[in-house]
Every structure is written in C-alpha cells, then in structure tokens.
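Undergrad: next one to model:
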Amino acid sequence: MMEKTDIAPHAIYAESTPNPSTMKFVSNRYLIVDGEQYEFSLEDDQSNSPLAAKLLNLPFVSKVFIASNFVAVTKTDIIEWEDVIHQMRDMLSEFLNKDGKVIIQSKKEEISEENEVSGKSESDFSDMEKKVANILNEYVRPAVESDGGAIELHSVESGKVKVVLKGACSGCPSSTMTLKNGIENMLQEMLPGEVKEVEAING
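TA: The predicted structure follows:
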C-alpha cells in the first residue's frame with residue numbers, strides 16, 4: 001500500500017457515448033490501474049465492487065462498466081439522462097471522495113476463473129490470436145475506451161475473429177457498423193488473407 005498523500009479530490013464530468021442508453025462518467029483521477037476493466041449487470045455478483053453495487057441499486061441502471069478513469073453506466077428506458085445526470089455525478093463524486101471502494105480485489109489477485117464469454121486467457125492464445133489481440137489493443141482499444149466501452153478478443157478460428165464488446169459498445173447499433181467497416185477492414189489489411197470477418201459474440 002502506498003502512503004496517503006494530499007491528492008486532488010475526484011471531479012466527475014459526464015460525457016455522452018455513441019450508445020444513447022450509456023453515459024460515461026469521467027474522473028480527473030484513475031479509478032483502476034493496470035489497464036483492467038470490469039463489467040457488472042444486475043445478474044452478476046457485485047460483491048467485488050461496492051461502486052457497481054451502489055449504482056446497480058438505482059432502479060434505472062442496468063449495467064456498469066469500469067475502466068481506467070471512467071464509469072460507463074447503461075440505463076433502462078424508464079428515464080432520460082437529463083433527468084438524472086446531475087444526481088449521478090454528485091453521487092459518484094461523493095462516493096469516490098469518501099474513499100468508497102471501486103474494486104476490492106483486482107483480477108490479478110483473483111484465482112483465474114474462466115468466464116464462458118471471455119473465452120481463453122491471453123496466455124492460451126495461438127500465434128494468430130496473439131497477432132490479432134495486439135492489433136486490437138494497440139489500434140482499437142484506445143478509441144473504443146474514449147467512447148466508454150471496451151473490446152476483447154475471444155477467439156480466431158478459420159479466419160473468423162470473435163470479439164466481446166463491453167460498456168457502451170455492448171448492444172450499441174453503431175458498434176456493429178464500426179466492427180464491420182473499421183475493425184474488419186483494418187485486420188484484413190494488416191493480416192492479408194488471414195482474417196475473413198469479425199463478429200461480436202454478444203453484439
């Protein structure tokens with residue numbers, strides 16, 4: 001544990017994403033280090049994230065995605081963002097500035113339990129899968145994160161690249177277009193003859 005020093009309080013601002021149901025709440029400080037990402041929905045065990053549990057306790061929140069310095073919150077259709085955005089910002093600021101826990105146990109500390117959607121861990125990837133994962137991490141991930149989402153490689157089989165979309169990208173119609181037009185074309189150019197198509201297994 002690092003010693004506590006006087007650091008600036010969390011200041012939260014809201015940013016819209018390409019998915020109208022998802023709003024990105026950005027902090028001036030990191031919430032999570034080491035590039036880890038966490039996604040929680042109502043059905044998930046939220047015990048590892050007091051922050052996600054607090055947000056999912058709100059009647060209009062259906063999903064919470066936490067990465068680096070932002071929380072992407074997906075709402076149901078029962079309210080409009082403009083009706084709750086200030087309340088959400090205040091709640092997040094208050095929670096974070098009272099030293100509320102974002103994540104209790106990092107993924108690196110967890111015993112590796114494979115999630116059926118996550119597929120293989122990167123250490124089990126084939127050479128082809130490592131190539132694709134590196135391209136996604138370097139060229140696609142930063143742009144997707146700026147939209148409040150994340151993309152992870154699931155597998156590559158017979159030229160078909162399967163990815164998992166998280167955060168604002170999950171269930172967003174424009175993500176499907178981005179996958180087909182942008183990511184598929186890029187992978188086909190960078191790995192000629194090796195990639196036929198890209199598919200989101202939860203899109």
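Undergrad: report the buried residues of the longest helix anywhere in the chain.
TA: Ranked by residue count and defined by DSSP state H, the top helix of the chain is helix 81-97. Across helix 81-97, burial judged by 16 or more other Cβ atoms under 10 Å covers 81, 84, 88-89, 91-93, 95-96. In short, each C-beta sits where N, CA and C put it, glycine included.
Undergrad: heading C-terminal from it, find the next helix or strand.
TA: Next along the chain after helix 81-97, taking DSSP states H and E as the criterion, comes helix 127-135.
Undergrad: next helix or strand past that following helix?
TA: helix 141-146.
Undergrad: any low-confidence regions in this protein?
TA: Low-confidence segments of the chain (pLDDT under 70): 1-6, 107-122, 203.
Undergrad: so what are the domain limits for it?
TA: According to automatic domain parsing, the chain comprises the domains 12-97, 122-200.
Undergrad: figure out how far the first one is from the centre of its chain.
TA: Its chain's C-alpha centre lies 11 Å from the corresponding centre of domain 12-97 when counted by Cα atoms, centre = their mean, to the nearest Å.
Undergrad: got the end-to-end distance for it?
TA: The separation between the terminal residues of domain 12-97, taken as Cα to Cα, to the nearest Å, is 11 Å.
Undergrad: how long is stretch 10-25 from one end to the other?
TA: 11 Å.
Undergrad: how about that stretch: buried residues?
TA: Neighbour count says stretch 10-25 has 10, 12, 17-19, 21-25 buried, by 16+ other Cβ under 10 Å.
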